[in-house]
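Participant: Okay, predicted coordinates and the sequence, questions at the end:
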Amino acid sequence: MNSALMRAVGYRKSLPITDDESLVDLELPVPRPGPHDLLVRVEAVALNPVDYKVRQGNDPGGEPKVLGWDAAGTVVAVGDRVGMFRVGDEVYYAGAIDRAGANAQFHTVDERIVALKPATLGFTEAAALPLTSLTAWEGLFERLGLQNGGLQHSGSLLITAAAGGVGAIAAQMARALTGLTVIGTASRPETVEFAHRMGVRHIVDHRKPLAPQLAEVAPDGITHVFSTTNTDRNLADYAEALRPFGQIVAIDDFDSLPLGVLKAKSISYHWEFMFTRSLFRTPDQVRQHQILTQVARLVDAGVLATTAHRDLGPVNAANLREGHRILESGTAIGKITLTGF
């Protein structure tokens, strides 16, 4: 392979994941870092629903588009305005949705949304953490306004799909860093077991109406909801189960939402989108560097654990198609990773 080129995986047309052309192996130029960029040799990546949602909904019209917004690797070059990292640093990050993804041997990323990876984790285990950790942290401590580490909050937090990528890390954070009782939804024996390991105290079955089950485990009502999926279908149950002045943060997608059911109890509704800071180049982009640095410290202290659950092998089109297939089936537990090229 020409030294100026790299292996990557991407797509040229939005196709069903069962089509061999839905994700293809590519050979692309190695990117050059901009002033604030790191050039990272990617050692491992992880998958998230955003990968298949972009693949399904954004047709690049024949031009190769690379996905992947979770990575861990080694810095091999830096832009001329980089001040926080140097060549040789081992880093992890989620990247920016409006830039090329990390399913490639080399990747450029703004240093302000990158952190040194946890020292106690390998690249694979570290790659599972950035996007979901940022989503969970911002959702819990910025959108819902919980005070991390203070343990002054009483009440109950419901996390839907608590064995999923975001749910699993949000459960760990809530258990370790707040005083809330953590309730999670799960329905299969293996997801129930995983959710309990992640810090969920009570399980309710998301295949059944939630409000009656929540009334049993939290008779006084719940105070917070972290809704990762099916927010539109569950909103009436949230409204019934929440106490007056309760709060909801949601991360999923839907066509419409009947927010009127929240008015009587003055329930607050928040959006969390991890890419907002990088997408709009907000002045506080460096906050994501700070969050990931804190997450790494908590991992190294044994407070948080990686949610890596299944590694599919090297980064190539066939393995990524399998990862997308699993995510689209809705049966994934924790995070799916791929390691090396």
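Facilitator: Now that the structure is in, tell me what you want to look at. Predicted, not measured: the structure shown is a model, and the values here were computed from it.
Participant: Give me the distance between the nearest residue to Ala100 once chain neighbours are set aside and Trp271.
Facilitator: Excluding its sequence neighbours, the residue lying closest to Ala100 (Cβ to Cβ, 6 or more residues apart in numbering) is Val66, at 4.9 Å. The way it works is simple: take the backbone N, C-alpha and C, and place the C-beta from them, glycine included. Separation of Val66 from Trp271 (Cβ to Cβ, to the nearest Å) stands at 27 Å.
Participant: same deal with Ala4?
Facilitator: 42 Å.
Participant: Could you look up the SS state of Asp220?
Facilitator: coil (DSSP: H, G, I helix; E, B strand; the rest coil).
Participant: Show which residues not belonging to the helix or strand containing Leu235 make contact with it.
Facilitator: Using DSSP states H and E, Leu235 sits within helix 231-241. Here helix 231-241 makes contact (Cβ atoms under 8 Å, 6 or more residues apart in numbering) with 158, 160, 209-211, 214-215, 218, 221-222, 225, 227, 248, 250, 252, 254-259, 261-262, 264-265, 267.
Participant: Beta-bridge partners for Gly184, please?
Facilitator: Ile159, Ile203 (DSSP bridges).
Participant: Show me the residue at the heart of the protein, geometrically.
Facilitator: Centrality entry for the chain: nearest residue to the mean C-alpha point is Thr132, 2.4 Å, by Cα atoms, centre = their mean.
Participant: From the rest of the structure, what touches the helix or strand harbouring that one?
Facilitator: Secondary structure assigned from DSSP H and E places Thr132 in helix 130-137. Outside helix 130-137, the residues that touch it by Cβ under 8 Å, 6+ apart are 46, 48, 50, 69-71, 92-94, 148, 165-166, 168-170, 173, 226, 251, 272, 274, 288, 291-292, 294-295, 304, 307, 335.
Participant: Same check on stretch 72-80?
Facilitator: 33-45, 85-92, 106-107, 111, 117, 123-124, 126-127.
Participant: C-alpha coordinates for that stretch, CSV please?
Facilitator: Extracted in CSV, the C-alpha atoms of stretch 72-80 (Å, rounded to 0.1, in the frame of the first residue of the first chain):
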residue,chain,number,x,y,z
ALA,A,72,-8.8,5.2,20.8
GLY,A,73,-5.3,5.5,19.4
THR,A,74,-1.9,7.1,19.4
VAL,A,75,-1.1,10.7,18.4
VAL,A,76,1.4,10.6,15.4
ALA,A,77,1.3,14.3,14.5
VAL,A,78,-0.2,17.6,15.8
GLY,A,79,-1.4,20.9,14.3
ASP,A,80,0.6,24.1,14.8
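Participant: For that stretch, the averaged confidence score.
Facilitator: In this model, stretch 72-80 has a mean pLDDT of 98.
Participant: Please state the offset of it from the chain centre?
Facilitator: Here stretch 72-80 is found 22 Å from its chain centre; the criterion is Cα atoms, centre = their mean, to the nearest Å.
Participant: sorry, back to before: and the residue nearest to the centre of the chain, how far is that from Ser154?
Facilitator: 26 Å.
Participant: so Met274 sits in a helix?
Facilitator: No - with three-state DSSP as the criterion, Met274 is coil rather than part of a helix.
Participant: ok, it - how many residues close by?
Facilitator: Met274: 27 surrounding residues under other Cβ atoms under 10 Å.
Participant: so it makes contact with Arg143?
Facilitator: No - counting by Cβ atoms under 8 Å, Met274 does not reach Arg143; the two are 11.2 Å apart.
Participant: Let me know the pLDDT of Asn148.
Facilitator: Asn148 is assigned a pLDDT of 79 by the prediction.
Participant: Can you check what pLDDT the model gives the closest residue to it other than its chain neighbours?
Facilitator: Nearest residue to Asn148 in three dimensions, chain neighbours excluded: Leu177, at 4.4 Å (Cβ to Cβ, 6+ apart). Here, the pLDDT recorded for Leu177 equals 94.
Participant: and the gap between Leu177 and Gly34?
Facilitator: From Leu177 to Gly34 the distance is 35 Å (Cβ to Cβ).
Participant: before we move on, back to that, give me the buried subset of the contacts of helix 231-241.
Facilitator: 158, 160, 210, 214, 218, 221-222, 225, 227, 248, 250, 262, 267 (16 or more other Cβ atoms under 10 Å).
Participant: quick check, nearest of those to Glu27?
Facilitator: Closest approach to Glu27 among the buried ones among the contacts of helix 231-241 (Cβ to Cβ): Ala250, at 39.8 Å.
Participant: these two touch, right, the closest one and Ser268?
Facilitator: No - if you go by Cβ under 8 Å, Ala250 and Ser268 don't touch, sitting 11.6 Å apart.
Participant: re the thing from before, let me see the confidence value for the residue nearest to the centre of the chain.
Facilitator: 98.
Participant: Kindly report the same for Gly122.
Facilitator: Per the predicted model, pLDDT is 98 at Gly122.
Participant: ok, Ala250 - contacts?
Facilitator: Counting by Cβ under 8 Å, 6+ apart, Ala250 has contacts 227-228, 231, 269-272.
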